[in-house]
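Trainee: have a look at this fold, sequence not included:
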């Protein structure tokens, strides 16, 4: 039994299509079929049923799949540890980030790429809930987001900095002359909001839950840069976002919200009791120690 045979089986089980599995693996379909056939011969049982139109898992295949996935993860972990020993001259770092966290990563990413050119960085952007699920499934090495409002089993959350929810408007907005606003002050303006599930939206919804406010939400979006562009281009739109996500953004006025419960703690999240790659440790050290990063945080503390 060889790792590549297990890898091919897991991929076919994932997509249930030999042609698509071969395409994603960048090999020929005949190679995939031959290797899985050899695996089945060695096991003495069929893992997949095939016909001209469908592929499905047999009962043996369904029982074998979780073990196969664990085997591949264990093999990948061994390779990661060997690469760590080799002084980070190869390997990959898989980072999950919420959209509002992205502006905070630029300096650290550039520094890491310069210091460790052999390590490839993969950055995936999703909502916090999706990132924590990906972390549990070991599809990413670390998740970066604001601290969730609930405890996630199997996940360790580490606070890096304190931040707050902010109200943002364009510098031509009627509220732009103010430094601090109340919820009643923004109630009369149309809103362009972060999509539900994003942490700024979660914080705002929790803040206003069961309160007698009627906000005119005209738009919801999960892309921060477009959200900022829309607010910047309007003299009426109001939005909410973490203060740290709009550091020195031209054309945007950041207003403090005169309300309890606006805290948003910038955090990184890892799997409890799991091996942490050296690349992950180095990246997090840089993220926490980067002087430009820390100074941008101090503007709002």
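Mentor: It's in. If you're wondering where the values come from, they're calculated on a predicted model, not measured in any experiment.
Trainee: what residues sit buried inside stretch 122-129?
Mentor: Within stretch 122-129, the residues that count as buried by 16 or more other Cβ atoms under 10 Å are 125-129. Quick note: C-beta positions are derived from backbone N, CA and C, even for glycine.
Trainee: my bad, should have said stretch 209-227
Mentor: Using 16+ other Cβ under 10 Å as the test for burial, stretch 209-227 gives 215, 221-222, 224, 227.
Trainee: what average pLDDT does it get?
Mentor: Averaging pLDDT along stretch 209-227 gives 90.
Trainee: and the strand or helix carrying residue 33, what does it pack onto?
Mentor: Assessed by DSSP states H and E, residue 33 sits inside helix 29-43. Under the contact criterion of 3 or more Cβ pairs under 8 Å, 6 or more residues apart in numbering; DSSP states H and E, helix 29-43 touches helix 3-15, helix 18-25.
Trainee: contacts for that helix?
Mentor: 1-2, 4-6, 8-9, 11-12, 18-19, 21-22, 25, 46-48, 60, 64 (Cβ atoms under 8 Å, 6 or more residues apart in numbering).
Trainee: hmm, residue 208 is touching residue 202, no?
Mentor: No. With contacts counted by Cβ atoms under 8 Å, residue 208 stays clear of residue 202, the gap being 11.4 Å.
Trainee: neighbour count: those two, which is higher?
Mentor: residue 202 (21 against 15; other Cβ atoms under 10 Å).
Trainee: and the more buried one, what element?
Mentor: Counting by DSSP H and E, residue 202 is found in helix 199-208.
Trainee: tell me the contacts of the residue lying closest to residue 61 once chain neighbours are set aside?
Mentor: Leaving aside its sequence neighbours, residue 61 sits nearest to residue 47 (Cβ to Cβ, 6 or more residues apart in numbering; 3.8 Å). Listed by Cβ under 8 Å, 6+ apart, the contact partners of residue 47 are 9, 13, 36, 39-40, 57-58, 60-61, 64.
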